[in-house]
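A.B. asks: next come a sequence and a model predicted from it.
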Amino acid sequence: MQHMAAPHKSIKRSSNLFVGLSLAIIILLYILSTEAFGSILHHPKLQMFKMMFLSIMIEAMPFILIGVVLSALVEVFVSEQTIRRMIPKNPILGIITASVLGIIFPLCECGMVPAVRRLIQKGMPVYVATTFIIVGPILNPIVFWSTFTAFRNKPEIVYSRMGLAFAVALLVGLIVHRIVKTNPLKGSESAAAHSQDAGHHHNHGTNQRSVFNKLVEVMRHSISEFFEMGKYLMFGAMLVGLLQTFVSKGSMIELGHGVGSSNLLMMGFGIILSLCSTSDAFVAQSFITTFSQGSLVAFMVLGPMLNLKGILMMSAVFKPRFVVLYSSLVILFVYVGTLLLEQFVLK
């Protein structure tokens, strides 16, 4: 009973926090308004916030749904033994395998977190799962096609994006393989015990369960994870909407004219804007006369790997130390990689 009470308290605490933050944002919108109380609903900044918030939610929700359904299918139909057989023991081959998975399952970064959590619980090595998080939103046919469409006259930008994404995934995956020796999932100890118990019952009851019962279980897992991940997506969308509404882009662009500083600025834009990887190339293309080609690659590579809504979702699933390690490595390698690309490729 104590094990049952702890997750319930945790869920209740996070829900209360989410409600409190949402109320604080609503109050802030009223305070910042200079119009009469009755005209707040028609205030231009509130209209812009609503547009940003809804566009992020509409864009991300389908991918969240795909991610949680895939996660539920893995939970119900894929055994731990199958996952372990799929992943080679050699770390380099494991990273390449994760890259291939990204091509086969073209998930947006929003759907990666729930799917990867289930894969780790099923026995996928952490470094392989980390690689999948990094390359999955970028190294897939849909993103390649959208990037090529946006930069048809500059194919070097397209190939630089894909190549840098793979290089970052390789380096981060190898470092995680070397450093991370314990399960980085939150509540991994109790989850492991639950998984073993569930696996015991699964092995004895697999032949007895009908396809209908399995599909019902898939729906149950999907609904549970959809609401769990959805609340973090909502808060992330609120935060991104506020930043895009109240932070002047013009003043930030003025900072991006120095060597290297434009890369950092566009990386910051990638984190803040939290665009989907299937559409960010068209936003990057609009900056082609303002920023260097390397900074545009930095924007398109870092954004899908690390953005505000993704950080919130990762923080709900992974331990803080792992989130900090992942974020630091990705930022470092993307920045250094784009500097090298500007020096040798994107001249």
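C.D. replies: Arrived safely, thanks for sending.

A.B. asks: hey, where'd the helices end up in the stretch 51-200 of the chain?
C.D. replies: Per DSSP state H, counting those that start in this stretch, the stretch 51-200 of the chain carries helices over the ranges 80-86, 91-104, 109-121, 126-135, 141-150, 155-179, 188-205.

A.B. asks: got the angle for the fourth one vs helix 91-104?
C.D. replies: Translated: helix 126-135. 40 degrees (axes from the mean of the first three to the mean of the last three Cα atoms, to 10 degrees).

A.B. asks: so how far is helix 126-135 off the chain centroid?
C.D. replies: 11 Å (Cα atoms, centre = their mean, to the nearest Å).

A.B. asks: other residues contacting that helix?
C.D. replies: Helix 126-135 is contacted by residues 87, 91, 94-95, 97-99, 101-102, 109, 112-113, 116, 119-120, 165-166, 168-170, 172-174, 176-177, 180, 183-184, 305, 326, 330 when judged by Cβ atoms under 8 Å, 6 or more residues apart in numbering. From N, CA and C alone the C-beta is placed, and that goes for glycine too.

A.B. asks: how does it look with 7 Å?
C.D. replies: By Cβ atoms under 7 Å, 6 or more residues apart in numbering, the list of residues contacting helix 126-135 from outside reads 87, 91, 94-95, 97-99, 101-102, 112, 116, 119-120, 165-166, 168-169, 172-173, 176-177, 180, 184, 305, 326, 330.

A.B. asks: same check on the shortest one?
C.D. replies: In this structure, residues lying in contact with helix 80-86 by Cβ under 7 Å, 6+ apart are 119, 122-124, 199.

A.B. asks: return the distance of that helix from the chain's centre.
C.D. replies: 24 Å.

A.B. asks: next, the buried residues of it.
C.D. replies: Burial within helix 80-86, assessed by neighbour count using 16 or more other Cβ atoms under 10 Å, is assigned to I83.

A.B. asks: which intervals of the stretch 101-250 of the chain have sub-threshold pLDDT?
C.D. replies: 105-111, 188-209, 228-229, 232-233, 236, 240, 243-244, 247-250 (pLDDT under 70).

A.B. asks: okay, how far is it across stretch 287-299, tip to tip?
C.D. replies: Distance between the two ends of stretch 287-299: 10 Å, counting by Cα to Cα, to the nearest Å.

A.B. asks: what does that stretch contact?
C.D. replies: Contacts of stretch 287-299 with the rest of the structure, by Cβ under 7 Å, 6+ apart, involve 157, 160-161, 164, 253, 256, 262-263, 266-267, 269-270, 284, 334-335, 338-339, 341-342, 346.
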